[in-house]
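Chemist: Could you work out the structure for the sequence below:
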Amino acid sequence: MSENIPKLRFPGFTELWEQRKLGELMESMEYGLNASATQFDGENRYLRITDIDDETRKYTGTNPVSPDVNLEKAENYALREGDILFARTGASVGKTYKYQKEDGKVYFAGYLIRGRLKPKENVDFIYQQTLTAEFSKFVKATSQRSGQPGVNANEYSRYSVWAAPMEEADRVGSLFEELDRRYTLHQRKLEHLKKLKSGLLQKMFPKDGETIPEVRFPGFTGDWEQRKLDKVFDKVDSRVDTPKNGYIGLGVRSHGKGTFLKTVKAGEELETATMSRVYPRNFIVNITFGWEQAIAITRDEDDGALVSHRFPQFSFKIGFDSVYFGYAFLSSDFLKHLQLSSPGGAGRNRVLSIPSMLMYEIYVPSFAEQQRIGSFFKTLDSLITLHQRKLDHLKRLKQGLLQQMFV
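Modeler: Presented below is the predicted three-dimensional model:
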């Protein structure tokens, strides 16, 4: 196959591609506005390197500011469709951004370089080439300086990009534009679901000093009751002899998701000769780790894993739903109690006092309401996982296509 033909292309296109210098395709390559930022005026946005998301390369717009300058004299620094920004210095060198109309009236700052494409060029076709591995290699090689890394406008202008026949460039550009659109859509849905969950976790459990939550499912009435954890849990003693040919070590990875990290270690010398067997739907805690990641409810797939003495395990008594408690334990009050129950030292040197932990009092509704709340948040987590998987799939798909659809 010719080196001037991509591995993957749309049917019907047969012409060879050619290499062009990026500067040849641009009307101009200009440095940004040297002005400080001021309070956002509601219309004019000032885009800096930090306003470009590392993952999506979108303008975040989270905390907008305006340029502190006479804007009547700064119109040349306003972005328009077809503009591509290049970070020129520092840790962000090589980061690129494609201006989009929905970003509003945007002026770009001095540590950025604006490449303004000629009208006939397809901005998506060119911009996507700045996301390839080849472009990253170019930036890494070019940005080496005795001091802070950087790539200037002349160096970016000399970067070789691929030029395809106009119709083919439009097809390729449109494909990647659609992939980016779908990625943004799923990302927004994911962010919405995460915010929804965070808000409901605040509203569906009683606040300090109260006995009923702000938001409740219809049909449930009456005050929630306080229970000490020693009335909720039973300590599980599941010690087993350590197998000689390896084991599955279980480390709590994320309390928020209640997930675990399993590692099979064959033939390794262990610190202790005794391990404990994990059972599903139990409460498990790492007594020597940061509490925001130290606890979780075991899942069915964790059944049979082995843990050391640092992971005490507790089963739920009758009338207490493990799924519900998995979300109730996300409370900042509970995590604070764990910190207070681990005196002395810092970080991994702190050891949790189990008797002290079991003195924690938690508000508990009826078993039926526990199940309803737990089921609701479990469904919400499933939706969050679904959208995260879609995002991961789109990211892998795009990375693969960038490798295949550019020579």
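Chemist: next one: phi and psi at Q100?
Modeler: Dihedral pair for Q100: phi -130, psi 140, per degrees, to the nearest 10.
Chemist: mind listing what it touches?
Modeler: For Q100, the contact set (Cβ atoms under 8 Å, 6 or more residues apart in numbering) comprises 58-59, 81. (Glycine included, C-beta is placed from N, CA and C.)
Chemist: again, but for L338
Modeler: L338 neighbours (Cβ under 8 Å, 6+ apart): 285, 291, 294-295, 352, 357.
Chemist: out of these, which are inside helices?
Modeler: Counted as lying in helices by DSSP state H, out of the contacts of L338, are M357.
Chemist: Nearest to Q388, out of the contacts of L338: which one, please.
Modeler: I295 (21.9 Å; Cβ to Cβ).
Chemist: So the nearest residue to V232 once chain neighbours are set aside versus K378, what's the distance?
Modeler: Once flanking residues are discounted, V232 sits nearest to F320: 5.1 Å by Cβ to Cβ, 6 or more residues apart in numbering. As judged by Cβ to Cβ, to the nearest Å, F320 and K378 stand 16 Å apart.
Chemist: So for these two, which residue has more residues nearby?
Modeler: Set side by side, F320 and K378 show more neighbours around F320, with 19 against 14, by other Cβ atoms under 10 Å.
Chemist: The helix or strand of the chain with the lowest mean pLDDT: what's the following helix or strand?
Modeler: Least confident helix or strand of the chain, by mean pLDDT, DSSP states H and E, is strand 259-265 with a mean of 45. Note on strand 259-265: by DSSP states H and E, the next helix or strand toward the C-terminus is strand 274-277.
Chemist: Would you mind pulling up the elements that that next one packs against?
Modeler: With contacts defined as 3 or more Cβ pairs under 8 Å, 6 or more residues apart in numbering; DSSP states H and E, the packing partners of strand 274-277 are strand 239-241, strand 306-307.
Chemist: tell me the mean pLDDT for the longest one?
Modeler: Mean pLDDT, strand 239-241: 74.
Chemist: And for the shortest one?
Modeler: Model confidence over strand 306-307 averages 76 on the pLDDT scale.
Chemist: Could you tell me how far it lies from the centre of the chain?
Modeler: Centre-to-centre, strand 306-307 and its host chain are 29 Å apart (Cα atoms, centre = their mean, to the nearest Å).
Chemist: What helix or strand is the residue nearest to V232 located in?
Modeler: Using DSSP H and E, F320 falls outside every helix and strand.
Chemist: right, and it touches F367 too?
Modeler: Yes: using Cβ atoms under 8 Å, F320 is in contact with F367, at 7.5 Å.
Chemist: give me the number of residues near G326?
Modeler: Count around G326 with other Cβ under 10 Å applied: 24.
Chemist: Name the nearest residue to it, sequence neighbours excluded.
Modeler: I297 (4.0 Å).
Chemist: Please name the bridge partners of the one you found.
Modeler: With DSSP bridges applied, I297 shows beta-bridge pairing to F283.
Chemist: Look up how far R158 lies from the residue nearest to V232.
Modeler: Going from F320 to R158 by Cβ to Cβ gives 67 Å.
Chemist: How about G374?
Modeler: Separation of G374 from R158 (Cβ to Cβ) stands at 60 Å.
Chemist: Have a look at those two and say which one is more surrounded.
Modeler: Shown here are G374 and R158; by other Cβ under 10 Å, G374 has more neighbours (19 against 13).
Chemist: how about the helices of this protein, start to end?
Modeler: With DSSP H as the criterion, the chain has helices spanning 123-128, 133-142, 153-157, 166-203, 322-328, 332-340, 354-357, 367-405.
Chemist: Which other helices and strands does the shortest one contact?
Modeler: Which is helix 354-357. Helix 354-357 packs on helix 332-340, going by 3+ Cβ pairs under 8 Å, 6+ apart.
Chemist: Would you mind putting the CA coordinates of the helix it packs on into PDB?
Modeler: Output in PDB follows, covering the C-alpha atoms of helix 332-340 (Å, rounded to 0.1, in the frame of the first residue of the first chain):
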ATOM      1  CA  SER A 332     -19.600  12.700  55.500                       C
ATOM      2  CA  ASP A 333     -20.600  12.300  59.200                       C
ATOM      3  CA  PHE A 334     -19.800   8.600  59.100                       C
ATOM      4  CA  LEU A 335     -16.400   9.200  57.400                       C
ATOM      5  CA  LYS A 336     -15.700  11.800  60.000                       C
ATOM      6  CA  HIS A 337     -16.500   9.300  62.700                       C
ATOM      7  CA  LEU A 338     -14.100   6.800  61.200                       C
ATOM      8  CA  GLN A 339     -11.400   9.500  61.400                       C
ATOM      9  CA  LEU A 340     -12.100  10.100  65.000                       C
END
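Chemist: what about S308, how many neighbours?
Modeler: Using other Cβ under 10 Å, S308 has 18 neighbouring residues.
Chemist: repeat for E75
Modeler: Count around E75 with other Cβ under 10 Å applied: 8.
Chemist: do the same with E18
Modeler: 12.
Chemist: which residue sits closest to it, ignoring its sequence neighbours?
Modeler: In space, E18 is closest to A163, 5.3 Å off (Cβ to Cβ, 6+ apart).
Chemist: Could you verify my assumption that that neighbour touches Q19?
Modeler: Yes: with contact defined as Cβ under 8 Å, A163 reaches Q19; the gap is 7.2 Å.
Chemist: Of these two, which one has the most company?
Modeler: Shown here are A163 and Q19; by other Cβ under 10 Å, A163 has more neighbours (17 against 11).
Chemist: For the residue nearest to V232, list the residues it contacts.
Modeler: Per Cβ under 8 Å, 6+ apart, neighbours of F320: 232, 364, 367, 370.
Chemist: on that earlier part again, I'd like the contacts of L338 as CSV, with pLDDT, neighbour count and distance to V69 appended.
Modeler: Output for the contacts of L338, formatted as CSV (pLDDT from 0 to 100; neighbours: other Cβ atoms under 10 Å; distance: Cβ to Cβ, whole Å):
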residue, pLDDT, neighbour count, distance to V69
V285, 85, 22, 55
W291, 57, 19, 48
A294, 70, 21, 50
I295, 79, 22, 51
L352, 82, 21, 55
M357, 89, 22, 57
